[in-house]
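Asker: Here's my sequence, what's the structure:
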Amino acid sequence: MTTPVALRFERLAKKGAHNDLRLHIGGHRHTCDSYYLVLDSRHLGANLVRLLAQWIEQVDELKGTGGTAYLPYDFSDQCTAWLRVSSADGHTAAVQAGWSLVGAWGIEPSDYQATAPDITDFEPIANAQIECSLDDLATCIAINRDSFATLRH
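Answerer: Modelled structure (predicted):
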């Protein structure tokens with residue numbers, strides 16, 4: 001049985017590319033844009049599914065061995081926002097939201113993993129963190145990913 005994880009990404013508006021997404025992590029809320037996500041294709045739902053599928057891939061890579069993964073959730077011209085998932089033991093995770101000065105213009109959201117290793121300037125956001133198991137985190141992200149599967153625009 002999994003424990004609920006206080007992490008969720010949601011769509012706020014039916015149309016629009018600005019202030020239409022929100023990340024919830026613990027008690028922190030971060031409103032962001034889908035603009036860069038729809039540059040790959042106009043199908044926001046499919047793009048969110050692909051983004052969260054990549055999150056799951058990275059979380060799964062930490063299982064058993066541990067390490068750190070960076071999962072992007074906000075793409076802006078001058079900076080990007082990421083979740084830093086750190087696991088010392090390959091079973092539990094500390095998930096922290098934060099910023100990098102890596103601009104979104106150099107990242108393909110549909111294949112961001114090529115850029116993730118470039119995140120060396122991560123600045124944590126105060127009070128935007130949770131702790132959970134890697135299994136529960138992957139399950140939470142999968143449920144969230146599946147919620148976007150029927151989203152058309």
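Asker: For the chain, which residues score under the pLDDT cut-off?
Answerer: 1-2, 14-16, 152-153 (pLDDT under 70).
Asker: got a list of contacts for the longest helix anywhere in it?
Answerer: Assignment by DSSP state H gives helix 44-62 as the longest helix of the chain. The contact list for helix 44-62 (C-beta atoms under 8 Å, 6 or more residues apart in numbering) reads 9, 11, 34, 37-38, 40-41, 67-72, 83, 85, 87, 90, 93, 109-113, 116, 134, 137-138, 141-142, 144-145, 148-153. For glycine as for every other residue, the C-beta is placed from the backbone atoms N, C-alpha and C.
Asker: out of these, which are buried?
Answerer: 9, 11, 34, 37-38, 68-72, 83, 85, 87, 93, 109, 112, 116, 134, 137-138, 141, 144-145, 148 (16 or more other C-beta atoms under 10 Å).
Asker: show me where this structure has helices.
Answerer: Taking DSSP H as the test, the helices found in the chain are 37-40, 44-62, 134-147.
Asker: Of the ones you listed, which is nearest Ser100?
Answerer: helix 44-62 (15.6 Å; C-beta to C-beta).
Asker: Can you list the buried residues in that closest one?
Answerer: So helix 44-62, judged by 16+ other C-beta under 10 Å, has buried residues 44, 46-52, 54-56, 58-59, 62.
Asker: now the helices of the chain in CSV, with distance to Thr120?
Answerer: What follows is those, written out as CSV (distance: least, C-beta to C-beta, whole Å):
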stretch, distance to Thr120
helix 37-40, 24
helix 44-62, 17
helix 134-147, 23
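Asker: Looking at the ones you listed, which is nearest to Asp121?
Answerer: Smallest distance to Asp121 across these (C-beta to C-beta): 18.9 Å, for helix 44-62.
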